[in-house]
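Asks: attaching a predicted model along with its sequence, questions to come.
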Amino acid sequence: MIREAIILAGGLGTRLRSVVSDLPKCMAPVAGRPFLYFVIEQLKRNGVDRFIFSLGYKHEAIEAWLQEQYPSLHISSVVEDEPLGTGGAIKLACSKASGEHVLILNGDTFFNIDLDRLSRFHQDNKADCTLSLKPMIQFDRYGVVELQADHRIIAFKEKQYYEAGFINGGIYALHAKRFLQENLPVKFSFEKEYLEAYFPQRNMFGLIQDEYFIDIGIPEDYERAQHELRITN
């Protein structure tokens, strides 16, 4: 089991400005708590006991809340002086990882997967990166990931309307030490410039888990989370 997680919590939340003003996206209140609370609690339930937070916008508010809410958790953080993209943020945070492998989660997405299953699959396959995939039907907000029979990734498809497909659920198991050895820039997109660029030459897999998923990046789903996460948790 991978017991160390990086949480990407530096997002501005510009698309949520109409409903959440002047807060980092992960701190948007949902069912009476910051959304980040639900992400952390999922990790704790799954046995994660070391946390690295990748912070940027209004990082002081997040750090103060973490100190007050979770005084006994093993927490460290990295702060972007300027936006580094998802890849740059992960690369910076990986430099603080204590083990070979880490879990990566987005602070504005909740995907209620079995993290032990993800960890075991990732390590059994000696993967460089394993993506958690969510089956969806009739959607156009996400691209899709295609797999071969052994779950190895064979294609990333662009956003368009799909009758059905597997989307990237935003939780990864990553071989941090190998990732840090890649010739990657300081600022880059993890999705475009690592996953989509490197999957043909690296051991990258997708593990499908049809569990509850919500991304609060748009106002409609943020409002939906108010009710659904109250029930789920």
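Replies: Sure, I can see it.
Asks: wait, residue 103 sits on residue 48?
Replies: Yes: contact criterion C-beta atoms under 8 Å: residue 103 and residue 48 qualify, at 6.8 Å. C-beta: built from backbone N, CA, C; applies to glycine.
Asks: tell me, how many residues neighbour the nearest residue to residue 174 once chain neighbours are set aside?
Replies: Distances taken as C-beta to C-beta, 6 or more residues apart in numbering put residue 129 closest to residue 174, at 5.1 Å, once the chain neighbours are dropped. Here the number of neighbours of residue 129 (other C-beta atoms under 10 Å) works out to 24.
Asks: quick revisit: now do the shared contacts for residue 103 and residue 48.
Replies: 2, 4-5, 115 (C-beta atoms under 8 Å, 6 or more residues apart in numbering).
Asks: list buried residues within the residues you listed.
Replies: 2, 4-5, 115 (16 or more other C-beta atoms under 10 Å).
Asks: ok, of these, which one's closest to residue 217?
Replies: Distance ranking of these against residue 217, using C-beta to C-beta, places residue 5 first at 20.3 Å.
Asks: ok so the closest one is a helix residue?
Replies: No: with DSSP: H, G, I helix; E, B strand; the rest coil as the criterion, residue 5 is located in strand rather than a helix.
Asks: wait, it touches residue 48, no?
Replies: Yes: Residue 5 lies in contact with residue 48 (C-beta under 8 Å); the separation is 4.9 Å.
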